[in-house]
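Dropping the sequence and predicted coords here.
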Amino acid sequence: MGKKITICFDGTNNHPKDAEQEREWFGLGRIEDSSITNIVKLHLLLGGNMLNKAQNERQHGLYYSGVGTYGNHLQRLFNVVFAPENLDVGRILNRARKDLSEIWQDGDSVYLFGFSRGAALARRFAAILHQKGLHGVKAIPAIRFLAVFDTVASLGLPNLDDDEKPVSDVVFENNTVAAGVQEALHLVALDENRIAFQPTLMNKDQRVTEIWFPGSHGDVGGGFFHDGLSDIALDFVLREIKKRNLGLESIAPKDIDYANLRNAGEPCAVEPDDITLKPSPVGIMHPKDRWFPVARATLASRWVRVNKNDEISEEYPVLHHSVVDRMHMDRNYRPPNMLATLHFLYGEDGTLSSHKGLGDHLTTGA
């Protein structure tokens, strides 16, 4: 039996160094609410390290930090703002293909993970593998599983904040998952309100499971110190890995070799508390607030829907039960984009129940 190869693509500006807690206002203000993403957590929980070395003969993890984390300061800034194809994006995809070519053997299985623009990279990488294969390898690698957090691959209205750089160079021929992918899972942020951060949904087919979770973009993919909501999403992915019998080995947070974590030769600031999951439906939510005239032009609720063949489908979108859990625990939480939206609710036991809108949950308690 071949080995399992996991490949993790992080989001724009995201890097393991995000575990370092810094103070705002040149070190004089409050501690920033920032941390590592679910992609770093997942990579480490699956036994990976920051040197992309094999953890054992059965499993090998590869991790790539996000666009905007390569080169010197000016190069990083240029890549984040403009994301030219021949710089960060091309560099990441080419490096991943090269690394995979060097370790892949016949019979191996590939597992892809990503967040935000890294999710778009993971989906594009799957298409590249199916279309071009690997360097010097005739066989096409089998992509056993693709799991991504809130894919954002296009730019609506411009945003110039450091945390708002989804750029349209990561594109697809269409939004259909590559033919070589056996199973796909997409976790989408229900409460993200930036128009520039429209989700790149997957075209529905029998391989695809797409579920909406409470919170903003980073509340699903991670990147905040207060990560109760994003831990719900990561916990769901880890449970799905076991439920689907994918054969991936995971380790407990306490068993990660933190002392020997290195990134570019430097110690990594990741600690057990950064990795230990504490899912909470009432965890702090991180919506974008703006001055009214700007908000009106740049903020709007997402349209909760299902896409099929690149068109809006009449199929019901699926909400994770944590959305309703939060509604019951927080009377102020009533997602406006779900008030009258027909949907399925994904229950704690994995069953689906149909509902006509939020009112169903408020009157029935389910």
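Ah, there it is.

Give the ranges of residues in the stretch 251-366 of the chain that sit below the confidence cut-off.
Scanning the stretch 251-366 of the chain for pLDDT under 70 picks out the ranges 262-267, 290-297, 364-365.

Relative to H217, how far out is the closest residue to S109 other than its chain neighbours?
Using C-beta to C-beta, 6 or more residues apart in numbering and skipping the chain neighbours, the partner closest in space to S109 is R144 (4.3 Å). No exception for glycine: its C-beta is placed from N, CA and C like everyone else's. R144 sits at a distance of 27 Å from H217 (criterion: C-beta to C-beta, to the nearest Å).

swap in I36?
15 Å.

and what of F224?
According to C-beta to C-beta, F224 and H217 sit 10 Å apart.

swap in W303?
Taking C-beta to C-beta, one finds W303 at 15 Å from H217.

neighbour-wise, which of the two wins?
Each of W303 and H217 has its neighbours counted (other C-beta atoms under 10 Å); H217 has more, 29 against 12.

how many neighbours does the residue nearest to M338 when sequence neighbours are not counted have?
Closest residue in space to M338, ignoring its immediate chain neighbours: L358 at 5.3 Å, by C-beta to C-beta, 6+ apart. If you count neighbours by other C-beta under 10 Å, L358 ends up with 22.

got the residue ranges for the strands in the chain?
For the chain, the strands defined by DSSP state E occupy 4-9, 59-64, 109-115, 142-149, 184-189, 208-213, 262-263, 266-267, 307-308, 311-312, 318-320, 343-346, 352-355.

Using a markdown table, lay out those together with distance to N337.
Output for those, formatted as a markdown table (distance: least, C-beta to C-beta, whole Å):
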| stretch | distance to N337 |
| --- | --- |
| strand 4-9 | 28 |
| strand 59-64 | 32 |
| strand 109-115 | 22 |
| strand 142-149 | 19 |
| strand 184-189 | 11 |
| strand 208-213 | 9 |
| strand 262-263 | 38 |
| strand 266-267 | 43 |
| strand 307-308 | 16 |
| strand 311-312 | 14 |
| strand 318-320 | 11 |
| strand 343-346 | 11 |
| strand 352-355 | 14 |
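
Tell me which of those lies nearest to N245.
strand 142-149 (10.5 Å; C-beta to C-beta).

Now find how far off-centre that closest one is within its chain.
Centroid separation between strand 142-149 and its chain, computed with C-alpha atoms, centre = their mean, to the nearest Å, is 12 Å.

Pull out the buried residues from it.
143-149 (16 or more other C-beta atoms under 10 Å).

same check, this time on stretch 347-361
Going by neighbour count (16+ other C-beta under 10 Å), the buried part of stretch 347-361 is 355, 358, 360-361.

Surely the residue nearest to S109 and E183 touch.
Yes - assessed by C-beta atoms under 8 Å, R144 is found in contact with E183 at 7.1 Å.

can you list residues touching both of the two?
Counting by C-beta atoms under 8 Å, 6 or more residues apart in numbering, no residue touches both R144 and E183.

hmm, back to that, show the contacting residues for the residue nearest to S109.
Residues near R144 by C-beta under 8 Å, 6+ apart: 4, 109-111, 182-183, 246.

Mind doing that once more with 6 Å?
By C-beta atoms under 6 Å, 6 or more residues apart in numbering, the contact list for R144 reads 109, 111, 182.

Pull out the buried residues from those residues.
Counted by 16+ other C-beta under 10 Å, those give 109, 111 as buried.

Dump the contacts of R144 into CSV; add distance to L201 and pLDDT as well.
Shown next, in CSV, are the contacts of R144 (distance: C-beta to C-beta, whole Å; pLDDT from 0 to 100):
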residue, distance to L201, pLDDT
S109, 26, 96
Y111, 21, 99
Q182, 20, 98
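
Show me which of the contacts of R144 is closest to S280.
Among the contacts of R144, Y111 lies closest to S280 (C-beta to C-beta), at 27.3 Å.

Tell me how far I275 lies from I256.
Using C-beta to C-beta, we find I275 at a distance of 6 Å from I256.

That's all I had, so thanks and see you.
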